[in-house]
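Novice: Need coordinates for the below:
(2 chains)
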Amino acid sequence: MSTLLTSDQGPAAGAAGGTARTGRPKGRTGTRGSLRVAALYLLPAVALIAIYLAYPVVYSIGRSLFDRSGATFVGLHNYAELFTDPRTQVALRNNVIWVLVAPALVTGLGLIFAVLTEKIRWATAFRLVLFMPMAISLFASGIIFRLVYQEDPSLGLANAAAVTVHDAFLEPSKYPGARARDARALVADHGNLTTTANYGRGDVVRLPLVGLSPQKLPRQAAPAQDLRPDPRDLRGVVWLDVAAGGGPPGTLGGGKRGMPGVTVQALRDGHVTATTTTGDDGSFAFPDLSPGTYTIRLPASNFAQPFRGLTWLGPALVTPVIISAWVWITTGFAMTFIGAGLSAIPRDALEAARVDGATEWQVFRRVTVPLLSPVLLVVFVTLVINVLKVFELVFVIAPGSAQADANVLALQLWQVAFGAGGGDQAMGSALAVVLFLLVVPAMLFNIRRFRRERR
Amino acid sequence: MTALPTTEPVRIVVAGAPRRSALARLLGVFGSGVVRAVLAVVAVFWLVPVLGLFVASLRTESDNNTSGWWTVFTAPAQLTLRNYRALLDNTEIMRSFGNTVLITVPATVLVIVIAALAAYALAWIDFPGRDWLTVLIVGLLVMPIQVALIPISRLYGLFGLFGSIAGVVMFHVAFGLPFAVFLLRNFFAGIPADLLEAARMDGAKEWLIFRRVVLPIGLPAIASLAIFQFLWVWNDLLVALVFADDRSAPITLALRSQLREFGTNIDVLATGSFLSMVVPLVVFFAFQRFFVQGVLAGSTK
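Specialist: Reported below is the predicted structural model:
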């Protein structure tokens, strides 16, 4: 690979530099005859490049100075309008995020993977796997990640994983959405349900709930029974006040079943003094309460809506999501490119440092990275250019509703000039010029590198 | 380079080697286990999204709209080729697949021919302005396609090339040229001058030298270029979006028109996307080395 990148290995190399010429004439000398021959060879390429690459730059600069109809010269007005247009501002902001985050992230990942793969035997297979996305169209990659980030956790893998992890640490609530039959007797506050009446030992608290289908009750739920008061404790029953057999609301019987596993708290002066859980028939009891009056609370954790994952493709997360797809596509390139540079590092340098007692981290930090820095720079610049041209991924992954939030310059240009309701070639040309100016530093970087390598 | 620690051989043998061995080996065993585990997880992260698309393409639309693709592991009976059969009957998609071939093959061949000629001139014919032209081409390597969309659409409007396969092909050829010329020029320039001089002694004309000496030696670079350009054009959406119409649309564009808010036609999208991926993936696995070289060398594009 390096033979392709570093130009001019052979003696034929230096003719261009003039000073580098080593006396051996290369090809014919520069006569008018050779120009004629060269022109024949070069004509098709130069013509196409002139029409498709050079002319557009000139045309765009000119066109961007006229108004939408193309008839009136407006100077830099289009540029002024461009930078005050809210959609373009979003696009610019997103481009800045992209440039700041994505290339550095991918270069870092590529470096780490390149170093780590040197330590495994299936390095070739690993590199193939990471490189594979480069063979896939950006469109198909976009579809792949739209699938991954679908919002419904039963469809999208990202949210399925998020919900699984979330529920492993925080048990999901048993009765999402259940509420009090009588909202005055059992008041909802921040999701907690608290009795308005006070209770003490010897009382029975009856807490009918609704808002849940009886099919949602756990299998072990037993018919709820009314309880006899007992002077030794405070007891009660929580039941689902809905039944096929009917029965007047708020009363037990008629096949209504208790709600097992509901957390119940006894509060005194606003502080929780005792906590218990209902049994299969929905009954609960606080046996050891000290005398006094209590309110009973069913905390919000019983009724919280289940965690459904994140709205990946919504306005807030859509850009990070598209960046993640881009990372997936480009990391293999960075890793392979850096890996090639890594294999060019003299083994002696690394060995010498190791023998000297340096840890692997020190070797990496003090020897590998400094020696690789030219390669890392090339990778980084390459990725920055790629980021500025990001179009298809945003176009495909961001749903129509979030496309404005995910906008980038390259997409904005297309929308302004060719999208629905577009056709504004003046603004489109101004955007094209901005895009062109953004890659000029990379052009100069490449030219400098090319000149240096030739010397 | 100068920052490298220098060591004295004696100290290495006496102090360095034995002290490190026990701890280092332990760390090495433990460390390499962790490294292997981490890389295995990374590989899974890279493979699973593609697997998801593939499995989705093998499930019916209603299955895809009600459960995740991973349910096939517990209920493999839902796998079906129905989507692919439907796709083969979908004349619009199949025509677009044909268009992709009709665009990609000429765009690849033309780039190779035109770039090889130019690269030969830049590498081996000494003419005034050669350096200037070479540097210009190097500079144009990173030219964003977007800059050319508006000006070229105006030209195509004037010359009636809009919506034609030829127009799309020409655009791809032109934008493939800077990289192609750059790649081949570098490779050609590395050919030993003696070989060419010997041919010139025999009185061979430039054309013969180009065909008999330079092209055969340059084949590996041409292969890399061919694969890179092939994939570049095959996978394009943006150029087709602007310059192709319904009749000349490649498969990426035809699928894009199927793209609505999600959930309604994932069977067409997943299946079509996978169909469009098959050829590049086959190329990828068949010619991995040329492929990697081509993409790495073409990275500046």
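Novice: Which segments of the chain make up each domain?
Specialist: Went with chain A since none was named. Listed by automatic domain parsing, the domain ranges of chain A are A:32-63, A:74-154+A:312-454, A:179-302.
Novice: try chain B instead
Specialist: If you go by automatic domain parsing, chain B breaks into B:9-82, B:90-300.
Novice: is it true that B:Ala270 touches B:Glu61?
Specialist: No - taking contacts as C-beta atoms under 8 Å, B:Ala270 lies outside contact range of B:Glu61: 9.7 Å. (Glycine included, C-beta is placed from N, CA and C.)
Novice: quick one: which of the two has more around it?
Specialist: The neighbour comparison of B:Ala270 against B:Glu61 (other C-beta atoms under 10 Å in any protein chain shown) goes to B:Ala270, with 28 against 18.
Novice: Report the separation between that one and A:Ala162.
Specialist: From B:Ala270 across to A:Ala162, the span is 22 Å (C-beta to C-beta, to the nearest Å).
Novice: any residue of the helix or strand where A:Asn94 lies up close to chain B?
Specialist: For A:Asn94, the element it lies in under DSSP states H and E is helix A:86-117. Yes - judged by C-beta under 8 Å from any C-beta of the partner chain, helix A:86-117 comes into contact with chain B at A:Phe113, A:Leu116, A:Thr117.
Novice: Going by neighbour count, which residues in that helix are buried?
Specialist: A:88, A:90-92, A:94-95, A:98, A:101-103, A:105-107, A:109-117 (16 or more other C-beta atoms under 10 Å in any protein chain shown).
Novice: buried ones in stretch A:315-333?
Specialist: A:317-319, A:321-333.
Novice: show me which of those residues neighbour chain B.
Specialist: A:Trp328, A:Gly332, A:Phe333.
Novice: okay if I get these as a markdown table plus pLDDT and secondary structure?
Specialist: Putting these into a markdown table (pLDDT from 0 to 100; DSSP: H, G, I helix; E, B strand; the rest coil) gives the following:
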| residue | pLDDT | secondary structure |
| --- | --- | --- |
| A:Trp328 | 97 | helix |
| A:Gly332 | 92 | helix |
| A:Phe333 | 90 | helix |
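Novice: Using a markdown table, lay out the residues you listed together with distance to A:Val379.
Specialist: Formatted as a markdown table, those follow (distance: C-beta to C-beta, whole Å):
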| residue | distance to A:Val379 |
| --- | --- |
| A:Trp328 | 17 |
| A:Gly332 | 12 |
| A:Phe333 | 8 |
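Novice: Give me the phi and psi for A:Tyr294.
Specialist: The phi and psi values for A:Tyr294, taken as degrees, to the nearest 10, are phi -130, psi 150.
Novice: residues touching it, list them.
Specialist: Residues in contact with A:Tyr294, defined by C-beta atoms under 8 Å, 6 or more residues apart in numbering or on different chains, are A:Asn198, A:Tyr199, A:Gly200, A:Leu234, A:Ala266, A:Leu267, A:Arg268, A:Thr273, A:Phe286.
Novice: CA atoms of the strand or helix carrying A:Gln412 as PDB?
Specialist: Element membership of A:Gln412, judged by DSSP H and E, is helix A:409-418. Taking C-alpha atoms only, helix A:409-418 is exported to PDB below (Å, rounded to 0.1, in the frame of the first residue of the first chain):
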ATOM      1  CA  LEU A 409     -23.600  22.000   4.400                       C
ATOM      2  CA  ALA A 410     -23.400  19.400   1.700                       C
ATOM      3  CA  LEU A 411     -27.100  18.500   2.300                       C
ATOM      4  CA  GLN A 412     -28.200  22.100   2.600                       C
ATOM      5  CA  LEU A 413     -26.600  22.800  -0.800                       C
ATOM      6  CA  TRP A 414     -28.600  20.000  -2.400                       C
ATOM      7  CA  GLN A 415     -31.800  21.000  -0.700                       C
ATOM      8  CA  VAL A 416     -31.500  24.600  -1.700                       C
ATOM      9  CA  ALA A 417     -30.600  24.000  -5.300                       C
ATOM     10  CA  PHE A 418     -32.400  20.700  -6.100                       C
END
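Novice: check contacts around B:Ile227.
Specialist: B:Val283, B:Phe287, B:Phe290, B:Phe291, B:Gly294.
Novice: let's see it at 10 Å
Specialist: A:135, B:108, B:280, B:283-284, B:286-295, B:298 (C-beta atoms under 10 Å, 6 or more residues apart in numbering or on different chains).
Novice: can you check A:Leu186 too?
Specialist: Counted by C-beta under 10 Å, 6+ apart, A:Leu186 has contacts A:179-180, A:192-197, A:205, A:207-209, A:296-298.
Novice: do the same with A:Leu209
Specialist: With C-beta under 10 Å, 6+ apart, A:Leu209 has these contacts: A:175, A:178-181, A:186, A:193, A:238-242, A:259, A:262, A:282, A:298, A:302-303.
Novice: wait, does the next helix or strand after the helix holding A:Gln412 make contact with chain B?
Specialist: Downstream of helix A:409-418, the first helix or strand assigned by DSSP H and E is helix A:425-454. Yes - counting by C-beta under 10 Å from any C-beta of the partner chain, chain B has neighbours in helix A:425-454: A:425-426, A:428-429, A:431-436, A:438-451, A:453-454.
Novice: same thing with stretch A:41-61?
Specialist: Yes - using C-beta under 10 Å from any C-beta, stretch A:41-61 reaches chain B at A:41-60.
Novice: Please pick the buried ones from those.
Specialist: For these, buried by 16+ other C-beta under 10 Å: A:41-42, A:44-46, A:48-49, A:51-53, A:56-57, A:59-60.
Novice: Include distance to A:Phe126 when you put those into CSV, please.
Specialist: Listed next are these as CSV, based on distance: C-beta to C-beta, whole Å:
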residue, distance to A:Phe126
A:Tyr41, 43
A:Leu42, 43
A:Pro44, 42
A:Ala45, 39
A:Val46, 43
A:Leu48, 40
A:Ile49, 39
A:Ile51, 44
A:Tyr52, 39
A:Leu53, 38
A:Pro56, 41
A:Val57, 42
A:Tyr59, 46
A:Ser60, 43
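Novice: give me the number of residues near A:Pro249?
Specialist: 11.
Novice: If you could redo that for B:Leu215, that was the one I meant.
Specialist: Neighbours around B:Leu215, by other C-beta under 10 Å: 15.
Novice: got it, and the one 10 residues further on?
Specialist: The tally of other residues near B:Leu225 (other C-beta under 10 Å) stands at 31.
Novice: hang on, isn't it packed against B:Phe188?
Specialist: No - B:Leu225 is beyond contact range of B:Phe188, at 11.9 Å (criterion: C-beta atoms under 10 Å).
Novice: which residues do the two both contact?
Specialist: B:Ala116, B:Ala119, B:Gly218.
Novice: Out of the residues you listed, list just those in helices.
Specialist: B:Ala116, B:Ala119 (DSSP state H).
Novice: Just among the shared contacts of B:Leu225 and B:Phe188, which is most surrounded?
Specialist: That'd be B:Ala119 among these, by other C-beta under 10 Å, with 31 neighbours.
Novice: With adjacent residues omitted, what lies nearest to that residue?
Specialist: B:Leu184 (3.5 Å; C-beta to C-beta, 6 or more residues apart in numbering or on different chains).
Novice: which residues does that neighbour contact?
Specialist: A:4, B:111-112, B:115-120, B:122-123, B:214-215, B:218, B:221-222, B:224-225.
Novice: Now A:Leu170. Nearest residue, chain neighbours left out?
Specialist: Nearest to A:Leu170 is A:Phe307, by C-beta to C-beta, 6+ apart, at 7.5 Å.
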